[in-house]
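>>> Quick one: sequence plus predicted model below, questions after.
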Amino acid sequence: MSDQKSKKRLPPLVRLAFDLGPLVLFFMLAKQFYLATAIFIPLATASFAITYWYERRISVMPAVTLAVVLVFGGLTLYLHNETFFKMKPTIIYAIFAIILTTGILTQRNFLKVVFDQAFHLPETAWRTLTWRWIGFFVAMALANEFVWRNYSTEFWAGYKLFGAIPLFFLFTLSQTPFLLKYHRDEDAPETR
């Protein structure tokens, strides 16, 4: 029974609603930036807490994201400076790029550690996939910097919802052929 309880997962659409709900509300209130930020922080926290309560596990990406939201959202409200919140995605993408790069350089592939249960790939494939994700995170950090520095707050909020999130899903889907090419079935006999 405890194994079943530890493997509980929210249905994908419910999980998506919890992950995107705070961002959608933020986008809708973006013209009132500080109000949107003040609402976004507790909603993101509640979303994380409910997901943890249900699944009884902490995922790395949402945990890091929440920590950055709390720090930079808090700074935004405390200092009344929206720059901190706009930099939040850049910081998150940079953190993941640095973590993955550090893993590669120290011969500890963190992407493999997280996803090895789902995908069984040879070491060279894990390295290639990790470099692809590093490149993606760097590109997304640069894109966020470009958008928030050159466009209005409303445009930036729209980019986050209608640009960055679809790009994340498209990049993830674009890796499917690579995963299928190198994925090996652990139960299948080895052939030479």
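All right, it came through fine.

>>> what bits of the protein have low per-residue confidence?
Within the chain, the ranges that satisfy pLDDT under 70 run 1-7, 116, 184-192.

>>> let's see 50
Within the chain, the segments meeting pLDDT under 50 span 1-5, 186-192.

>>> Can you say which helix or strand has the residue nearest to the spatial centre of the chain in it?
Taking Cα atoms, centre = their mean, the centroid of the chain lies closest to M61, which sits 5.1 Å from it. Assigning secondary structure by DSSP states H and E places M61 in helix 60-79.

>>> Enumerate the positions of that helix that are buried.
For helix 60-79, the buried set under the neighbour-count rule, 16 or more other Cβ atoms under 10 Å, comprises P62, T65, L66, V68, V69, F72, G73, L75, T76, L77. Placement of C-beta: from N, CA and C, glycine included.

>>> just those residues now: which is nearest K88?
F72 (4.3 Å; Cβ to Cβ).

>>> got a list of what F40 touches?
P22, L23, L25, F26, V69, G73 (Cβ atoms under 8 Å, 6 or more residues apart in numbering).

>>> how about 7 Å then?
P22, F26, G73 (Cβ atoms under 7 Å, 6 or more residues apart in numbering).

>>> which non-adjacent residue is nearest F155?
Leaving aside its sequence neighbours, F155 sits nearest to V147 (Cβ to Cβ, 6 or more residues apart in numbering; 7.1 Å).

>>> Quick one: classify the one you found as helix, strand or coil.
Following DSSP: H, G, I helix; E, B strand; the rest coil, V147 is assigned to helix.

>>> before we move on, the earlier item: after the helix holding M61 comes which helix or strand?
Per DSSP H and E, the first helix or strand lying C-terminal to helix 60-79 is helix 83-105.

>>> Beyond that following helix, next helix or strand please.
Proceeding N to C from helix 83-105, the next assigned helix or strand is helix 110-115, under DSSP H and E.

>>> contact partners of that following helix?
Outside helix 110-115, the residues touching it (Cβ under 7 Å, 6+ apart) are V60, I99, L100, G103, W126, L129, T130, W133.
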